[in-house]
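Undergrad: From the sequence below, what's the structure:
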Amino acid sequence: MSDFRLDPAEIRALLDRARAAARAGARPSLDRVPLDVAAAATLWYDRGVGTDELYARARAHRGARAAKLETFSPLYLTNTCDAACRMCGMRADNAALVRETADAARIDEQLATLLARGMQAVAVLTGEYRAARRGWAMRYVNAALRATERLGFRHVLVNVGSIEDDEFPVLLEGVSRHPDGTVVPKLTMCTFQETYDPECYGRFMGRDPENPRSDYARRLVNFDRARRAGLRVANPGVLLGLGRDVAFEMVAAALHVRHLLAHGMEVYLSTPRLRRVAGGGAGHGVGDDDFVRLIALLALTVPAAKLVVTTREPHEIQQRLAPIVSVLSAGSSAVAPYTADGARFPLEASQFEVIDQRPFETILREHLDRGIAIENYCI
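TA: So this is what the prediction gives:
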């Protein structure tokens, strides 16, 4: 099975044709779902088709599934990092960030706290590290993964950056496997490309080969390496506000999702917007209308993917998007932040600003009260 390949020139040519089609009024039908990527691009540019109409079609297509959402909470194990991403609060040269690393006892306590509060799905996150330090990171995260399996978490997302084939055995050591070699627990590899535009990628992620984020092509195929290592769930992502052409990111992400689905993986897709970070910097991503339009088009283009919205977004946007996405994630982006009834949200120790800082119970209760079932949350 071949690894994922992306041709930016082909996407730009497709987008040129889509712009021309939109100007000519060659409006694609919304009756056939999934949309092909060219139709989605044309509908992005054709503002004669309102965002409300696209949203309504996405909601209608989602149908009965709109009565169910998954959830998980992020758990940052450390905010140390060797990368130099300009838009990220965890970048190595950010002197304004207060660095923290949770020890094994603290991680176990945090996991127990989440379970006691009813949260049965967790994303474990670290920074990204140069080759010399990735061995430490793999062993560190492996201890957390073993703890989540021992404690019975239903879903664990792993965000440790792009790693090599020979590093996966260390990351997954001791994790239960089926006879065919696939892992038993639901483990999702999270590797956000952030932007699929190579030029933009280099501008924000850097070009120093010692920087663990600088290799665009290496990152692009991390899910293929994960699949070979026995993982069967992937979570690609785009950080909206880096690339200027949202349609480019939409088409590239959809192509990536389709590649992963074709190779038998379950796929989550994240499209967070830029937020403030410690020390300043970062923008505000795309506007609300464009954000909703993008999510609606993705829901119609890759309906088999589980679209993720988080509490980076304000309450109003969460409420608006809940009927057309599959996952609502709530929690803090600080290290080991959870208490018995809340969380810490210090910007000076967080990867990015979280807009909605209410306890996840309060956020999820709103949806439960609307008759929406929440998977991986037990009250």
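Undergrad: okay, CA-based contacts and neighbour counts for the rest of this
TA: OK.
Undergrad: tally of neighbours for the residue nearest to Met119 when sequence neighbours are not counted?
TA: Spatial nearest neighbour of Met119, excluding adjacent residues (Cα to Cα, 6 or more residues apart in numbering): Tyr377 at 4.9 Å. Tyr377 has 21 neighbours, counted by other Cα atoms under 10 Å.
Undergrad: from now on call the first residue 747
TA: Happy to do that; since the first residue is 747 now, the last one works out to Tyr1123.
Undergrad: List the buried residues for stretch 991-1006?
TA: For stretch 991-1006, burial by neighbour count (16 or more other Cα atoms under 10 Å) applies to 992-1006.
Undergrad: farthest-separated two in these?
TA: Within the buried residues of stretch 991-1006, Val992 and Leu1006 form the most distant pair, 21.1 Å apart (Cα to Cα).
Undergrad: Tell me, what's the model's pLDDT at the residue nearest to Met865?
TA: We have a pLDDT of 98 for Tyr1123.
Undergrad: How about Gly1026?
TA: On pLDDT, Gly1026 comes in at 65.
Undergrad: Surely Arg769 forms part of a helix?
TA: Yes - the assignment for Arg769 (DSSP: H, G, I helix; E, B strand; the rest coil) places it in a helix.
Undergrad: which residues does it contact?
TA: Asp792 (Cα atoms under 8 Å, 6 or more residues apart in numbering).
Undergrad: And the helices in this protein, which stretches?
TA: Applying DSSP state H to the chain gives helices spanning 754-770, 783-791, 797-808, 850-862, 877-897, 914-917, 944-951, 962-966, 968-974, 992-1008, 1034-1047, 1061-1067, 1106-1115.
Undergrad: now the first one against helix 783-791, angle please.
TA: Translated: helix 754-770. Per axes from the mean of the first three to the mean of the last three Cα atoms, to 10 degrees, the angle that helix 754-770 makes with helix 783-791 is 50 degrees.
Undergrad: What are the buried residues along helix 754-770?
TA: Buried residues in helix 754-770, defined by neighbour count with 16+ other Cα under 10 Å: 757, 760-761, 764-765, 767-768.
Undergrad: tell me the contacts of the spatially most central residue of the chain?
TA: The centre of the chain sits closest to Ser1016, judged by Cα atoms, centre = their mean, with a distance of 3.5 Å. By Cα under 8 Å, 6+ apart, the contact list for Ser1016 reads 938, 981-984, 1053-1055.
Undergrad: Could you provide the residues you listed in a markdown table, with additional columns for distance to Arg808?
TA: Converted to a markdown table, the contacts of Ser1016 look like this (distance: Cα to Cα, whole Å):
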| residue | distance to Arg808 |
| --- | --- |
| Phe938 | 25 |
| Asn981 | 20 |
| Pro982 | 21 |
| Gly983 | 21 |
| Val984 | 22 |
| Leu1053 | 12 |
| Val1054 | 14 |
| Val1055 | 16 |
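Undergrad: Including distance to Ala842, neighbour count and pLDDT, could those go into TSV?
TA: TSV is the format used below for these (distance: Cα to Cα, whole Å; neighbours: other Cα atoms under 10 Å; pLDDT from 0 to 100):
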residue	distance to Ala842	neighbour count	pLDDT
Phe938	24	21	97
Asn981	29	25	98
Pro982	29	23	98
Gly983	26	24	98
Val984	25	23	97
Leu1053	33	25	98
Val1054	29	24	98
Val1055	28	24	98
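Undergrad: of the residues you listed, closest to Ala1095?
TA: Distances from Ala1095 to the contacts of Ser1016, taken as Cα to Cα, are shortest for Phe938 (21.1 Å).
Undergrad: quick one: that closest one from Arg959, how far?
TA: 11 Å (Cα to Cα, to the nearest Å).
Undergrad: Could you do Arg876 as well?
TA: Arg876 sits 9 Å away from Arg959 when distances are taken as Cα to Cα.
Undergrad: Name the residue in these two with the higher neighbour count.
TA: Using other Cα under 10 Å as the criterion, Arg876 and Arg959 rank with Arg959 on top: 26 against 17.
Undergrad: Quick check: the more buried one touching Glu874?
TA: Yes - the pair Arg959 / Glu874 is scored as a contact, 7.4 Å apart, by Cα atoms under 8 Å.
Undergrad: Now the common contact residues for the two.
TA: Contact criterion Cα under 8 Å, 6+ apart; residues shared by Arg959 and Glu874: 829, 907-908.
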